[in-house]
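# Have a look; sequence and predicted model below, questions after that.
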Amino acid sequence: MTNDPPVSDAVESTAADIASMEIRGAATIASAAADAVAAQARETADETADPEAFERAVRRAGRRLYDTRPTAVSLPNALRYTLGRMEGDEVDSLRDSVIGAATAFTDRLGRAQRDLGRVGANRLRDGDTVMTHCHSTDALACVEHAVEQGKDVSAIVKETRPRNQGHITARELRDMGVDVTLIVDSAARRYLDDADHVLVGADSIAADGGVVNKIGTSALAVNARERGVPIMVAAQTIKLHPDTLTGHTVEIEMRDEAEVIDADAREEIGEIAVENPAFDVTPPRYVDAIVTESGQFPPESIVTLMRELFGESADRPWEEPDATTDATGPTA
Ligand code: RI2
C-alpha cells in the first residue's frame, strides 16, 4: 500500500454524478470521464514532480471512474484512449500527453456523432415516423440531420420506465421541430404499425452483434420484427466492447429498487423482491443495421470493425501495470 492522496475533487464529483446518473448516456459519460482524467492530470502535476506518483494518481482516477457503472463500454474506452496515450519521462510531458489525449478524444466524440448522424439520416425518408426508446444522443443525431436535410420526421417516444428518459427525448425532438407522441412503454406494440423505424442507441455492442441498451429494447425489437418495422441502432464506435472479442460477456447493471417503487408503496405491499436491471441484450437477428461514424453495418459484421479498431484484445490502463484482474463480471 502507498500513502497516495485521494483522487481529485473533479474526479470524485464526476464519478458520483455518473453513479447517480446526473451524468448519463454512454457518449456523455465518456466525455465527462475524459475531462475528469485531464483535470486529475492538471492537479497532480501541480502537486508532484515524481513521474511514478503522477502515473499512479492518474490511473487511480481512471479506476474510480471505471467503478461507477459497469455496462456502457464508452467509459472504459474513454479511459483506454486517454490513459493509453500517457507517455513521457517527466511530469510535464506526462501531463501534456494525458490532457492532449482527453481533448482529442472529446473532439473525436463530437465529430463521430455528426458523421454517424449523416449516415443514419440517409435511412430516414421524408414523412417517416421513428419509434424511440430511452434517450440517446447518437440516435437523435440521425433525426437532427434528417431534419436539417429538410425531411419531415415524426416520433413516437416511449417514456422508458423506470427513469422516464423518454421525456428528455420528447423535449429534444420538440426542440428540433419534430412532431412527438409520448406513449407508455407497454403501448409500444399497439403503435408499431404507425412507425417506419425503431431507432435506439446502445451502451455496448458485443462482438456477435448483440446490442446492449436500456432495458426494454429487446422486447421492442422482437415486437418490431414481428410487425415488420426495421430496427436501427445508432452507436459510435466507442460503443464497441472489445472484451467481447475474447469471449467475455457484458455486465448488466442492477440499480436500486427505489427507482422502481417508492418506500411507502413498498411498505404497503409487504415482503416482495424488486429487481431493477438497467439494460438488456437484443440478439443480432432482431437488428437490421448498426449505424456508426464509419458507415452502417449488419450486426453480424460489426466484429470486423471491432477487430480493426481494437485488435484482438483490450488493454486496461487504469489498472496498475502488474495487476492481473480478470475482465469478466456477472452477465446477461
Ligand atoms: P448515447 C443510455 O443509458 C441509454 O441506454 C442510451 O440508449 C445509451 O445510454 C446511449 O446514449 P443510460 O446512461 O451515447 O441512460 O447515444 O442508462 O447518448
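Structure's in. What do you need? Numbering: from 1, shown residues only.
# Enumerate the residues of the stretch 101-250 of the chain near the ligand.
Residues of the stretch 101-250 of the chain that fall close to the ligand, judged by Cβ under 6 Å from any ligand atom: 134, 136-139, 165, 200-201, 203, 213-214. For the C-beta atoms, the positions are set from N, CA and C on the backbone; glycine is no exception.
# Which ones among those residues lie within strands?
200, 213-214 (DSSP state E).
# ok, the residues you listed vs the ligand, which is closest?
Set against the ligand, the nearest of those by Cβ to the nearest ligand atom is residue 214 (3.5 Å).
# was I right about the closest one contacting residue 132?
No - Residue 214 is beyond contact range of residue 132, at 10.4 Å (criterion: Cβ atoms under 8 Å).
# residues shared between the contacts of these two?
Counting by Cβ atoms under 8 Å, 6 or more residues apart in numbering, the shared contacts of residue 214 and residue 132 are residue 200.
# which one of the two has more residues nearby?
Ranked by neighbour count (other Cβ atoms under 10 Å), residue 214 and residue 132 place residue 132 first, with 27 against 24.
# which residues does the more buried one form a beta bridge with?
Under the criterion DSSP bridges, residue 132 forms beta bridges with residue 157, residue 199.
# quick one, what contacts it?
Contacts here follow Cβ under 8 Å, 6+ apart; on that basis residue 132 touches 139, 155-158, 166, 169, 173, 198-200.
# which two in the residues you listed are spaced the farthest apart?
Spatially, the most separated pair among the contacts of residue 132 is 173 and 198, at 14.9 Å (Cβ to Cβ).
# Which of those two has more residues huddled nearby?
Neighbours were tallied for residue 173 and for residue 198 using other Cβ under 10 Å; the higher tally belongs to residue 198 (29 against 22).
# Tally up the residues packed near the closest residue to residue 49 other than its chain neighbours, please.
Once flanking residues are discounted, residue 49 sits nearest to residue 91: 5.6 Å by Cβ to Cβ, 6 or more residues apart in numbering. Number of residues near residue 91 (other Cβ under 10 Å) recorded here: 21.
# Touching, residue 91 and residue 54? I think so.
Yes - counting by Cβ under 8 Å, residue 91 sits close enough to residue 54 to count as a contact (4.9 Å).
# Overlap in contacts, these two.
By the contact definition Cβ under 8 Å, 6+ apart, residue 91 and residue 54 are jointly contacted by 44-45, 48.
# Select from those the one having the most neighbours.
Highest neighbour count within the shared contacts of residue 91 and residue 54: residue 44, with 26 neighbours (other Cβ under 10 Å).
# Using PDB, write out the CA atom coordinates for stretch 132-143.
Provided in PDB are the C-alpha atoms of stretch 132-143 (Å, rounded to 0.1, in the frame of the first residue of the first chain):
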ATOM      1  CA  THR A 132     -37.600   5.700 -29.800                       C
ATOM      2  CA  HIS A 133     -36.700   4.100 -26.500                       C
ATOM      3  CA  CYS A 134     -34.800   5.900 -23.700                       C
ATOM      4  CA  HIS A 135     -32.600   8.900 -24.700                       C
ATOM      5  CA  SER A 136     -29.700   8.500 -27.000                       C
ATOM      6  CA  THR A 137     -27.700  11.400 -28.400                       C
ATOM      7  CA  ASP A 138     -26.400   9.100 -31.200                       C
ATOM      8  CA  ALA A 139     -30.000   8.200 -32.200                       C
ATOM      9  CA  LEU A 140     -31.100  11.900 -32.000                       C
ATOM     10  CA  ALA A 141     -28.200  13.000 -34.200                       C
ATOM     11  CA  CYS A 142     -29.700  10.900 -37.000                       C
ATOM     12  CA  VAL A 143     -33.100  12.600 -36.700                       C
END
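# That concludes my questions; thank you for your assistance.
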